[in-house]
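[1] Next come a sequence and a model predicted from it.
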Amino acid sequence: MDSTLLAVIGLVTLALAFDFLNGFHDAANSIATIVSTRVLSPRQAVIWAAFFNVLAFFLFSHAVAATVGKGIVDINVIDTHIIFGALMGACAWNILTWYFGLPSSSSHALMGGLAGAAVVKAGTGVLVMSGILKVLLFIVISPVLGLVLGLLFGTVVYRLFRKAIPSKVDHLFRKGQLLSAAAYSLGHGGNDAQKTMGIIAGLLFSAGYMGDKFAVPGWVALACYTAMGLGTMSGGWRIVKTMGHKISKLKPVDGFCAESGAAVTLFLASSMGVPVSTTHTITGSIMGVGTMKRFSAVKWGVAGQIVWAWVLTIPCSALISAVVYWLSVHLFR
């Protein structure tokens, strides 16, 4: 079998492993609120989230995949060594932050890894600054928008039900949270799975298996959504505690508002082709709902630790990727 084909098969497998790890790492984002409010058990919650992760295959275009595949690094410089470095850098950072229970961004780890390897190969000129600036801008916009929408949903809902019997409100939003969690999981799958789709499509294009037109094959999309769903079903339990309990204590009505705000943000970003961090988005929404009740309801010290993980994600994954790329080039010439 041709050595290039073997390398491509190996890297596609590694990319799907990253996608699985992405779902595993980010399962907490999808289920933390619905588990912390005891609407579903952890096992029920991951099955619910995984189903809607995969269902996103039928609902979203491939705009985010196109951004990742050709909008971060000049696609003409991408080769198997760069893809290997990017995936290893992202996987290593995901495992490290999972171990410490920090909800960092798999998305930014992947993009940092891609940029780090590409710069080692060909310098900073290969970076597509328009795409990178869009990603960097949404590092700020997505959690802020999530916070604002979470706060807005919370304010409206609390005013509408301010005279209602608390037990009835709790019963209503225990059911409502099933819908909001489903919507969030759709948005999560629709944005996050596409990042791996973009990586695989970029690999296939650079290896000459696509001709002269960049596109995402249907089998790649289905494989990525499925791998992510399986990862979500495996659950990243260490991060659930951070997301569901340590930032702000939540009731079903709070979980509904936080998930709804985050879902709207993710749907908007995906429609614009922007690869955002689902972690940033749901964290911002939880903070927004907590702030609505009282400023001190949010544990800002924990939030600060999470923000540090966000800040370090791109440079650390880029550094790991750069080292792996250099080793790959010199060991596997």
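    Here it is on my side, so go on.

[2] mind listing the helices for the chain?
    Secondary structure of the chain by DSSP state H: the helices cover 3-36, 42-55, 63-70, 80-99, 106-122, 129-160, 166-206, 218-234, 237-241, 252-271, 278-293, 300-331.

[3] tell me the mean pLDDT over the fourth one?
    Taken as a whole, helix 80-99 has a mean pLDDT of 88.

[4] Equivalent analysis for the longest one, please.
    The pLDDT scores in helix 166-206 average 90.

[5] name the helices or strands packed onto it?
    Applying 3 or more Cβ pairs under 8 Å, 6 or more residues apart in numbering; DSSP states H and E, we find helix 166-206 packed against helix 3-36, helix 42-55, helix 63-70, helix 80-99, helix 106-122, helix 218-234, helix 252-271, helix 278-293. Every residue, glycine included, has its C-beta placed from N, CA and C.

[6] now do the fifth one
    Identification of packing neighbours for helix 106-122 by 3+ Cβ pairs under 8 Å, 6+ apart yields helix 3-36, helix 63-70, helix 80-99, helix 129-160, helix 166-206, helix 300-331.

[7] Recalculate using a threshold of 7 Å.
    Helix 106-122 sits against helix 3-36, helix 80-99, helix 166-206, helix 300-331, with contacts defined as 3 or more Cβ pairs under 7 Å, 6 or more residues apart in numbering; DSSP states H and E.

[8] Dump these into TSV; add distance to residue 150 and mean neighbour count as well.
    Output for these, formatted as TSV (distance: least, Cβ to Cβ, whole Å; neighbours: other Cβ atoms under 10 Å):
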stretch	distance to residue 150	mean neighbour count
helix 3-36	10	23
helix 80-99	23	24
helix 166-206	11	23
helix 300-331	13	18
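
[9] rewinding a little: may I see the helices of the chain arranged in TSV, with distance to residue 212 as well?
    Listed next are those as TSV, based on distance: least, Cβ to Cβ, whole Å:
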stretch	distance to residue 212
helix 3-36	18
helix 42-55	32
helix 63-70	13
helix 80-99	19
helix 106-122	21
helix 129-160	20
helix 166-206	9
helix 218-234	18
helix 237-241	42
helix 252-271	27
helix 278-293	33
helix 300-331	26
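
[10] re earlier: including distance to residue 148, could the helices and strands packed on helix 166-206 go into a markdown table?
    Listed next are the helices and strands packed on helix 166-206 as a markdown table, based on distance: least, Cβ to Cβ, whole Å:
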| stretch | distance to residue 148 |
| --- | --- |
| helix 3-36 | 18 |
| helix 42-55 | 24 |
| helix 63-70 | 22 |
| helix 80-99 | 26 |
| helix 106-122 | 21 |
| helix 218-234 | 27 |
| helix 252-271 | 8 |
| helix 278-293 | 6 |
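
[11] Which of the helices of the chain has the lowest mean pLDDT?
    Minimum mean pLDDT among the helices of the chain: helix 237-241, a mean of 52.

[12] Provide a list of residues in contact with residue 221.
    Residue 221 sits next to 57, 62, 197 when contact means Cβ atoms under 7 Å, 6 or more residues apart in numbering.

[13] Show the contacting residues for the residue lying closest to residue 187 once chain neighbours are set aside.
    Nearest residue to residue 187 in three dimensions, chain neighbours excluded: residue 266, at 3.0 Å (Cβ to Cβ, 6 or more residues apart in numbering). Residue 266 sits next to 187-188, 191, 276, 278, 281 when contact means Cβ under 7 Å, 6+ apart.

[14] now for these, which pair is the farthest apart?
    Comparing every pair within the contacts of residue 266 by Cβ to Cβ identifies 188 and 276 as the most remote, at 10.5 Å.

[15] about what we covered before: of all the helices and strands packed on helix 166-206, which lies closest to residue 173?
    Checking those against residue 173 by Cβ to Cβ gives helix 252-271 as the closest, at 4.1 Å.

[16] Mind listing what's buried along that closest one?
    For helix 252-271, a neighbour-count test (16 or more other Cβ atoms under 10 Å) marks 252-270 as buried.

[17] relative to helix 63-70, how tilted is that helix?
    Counting by axes from the mean of the first three to the mean of the last three Cα atoms, to 10 degrees, helix 252-271 lies at 50 degrees to helix 63-70.

[18] tell me the angle helix 252-271 makes with helix 3-36.
    In terms of direction (the same axes, to 10 degrees), helix 252-271 departs from helix 3-36 by 150 degrees.

[19] got the angle for helix 252-271 vs helix 278-293?
    Orientation note: helix 252-271 sits at an angle of 140 degrees relative to helix 278-293 (the same axes, to 10 degrees).

[20] Quick one: distance of helix 252-271 to the chain centre.
    With Cα atoms, centre = their mean, to the nearest Å as the basis, helix 252-271 stands 14 Å off its chain's centre.

[21] got it, and stretch 120-139?
    For stretch 120-139, the distance to the chain centre is 19 Å (Cα atoms, centre = their mean).

[22] In it, which residues are buried?
    So, applying 16+ other Cβ under 10 Å, buried residues of stretch 120-139: 120-121, 126-128, 131-132, 134-135, 138-139.
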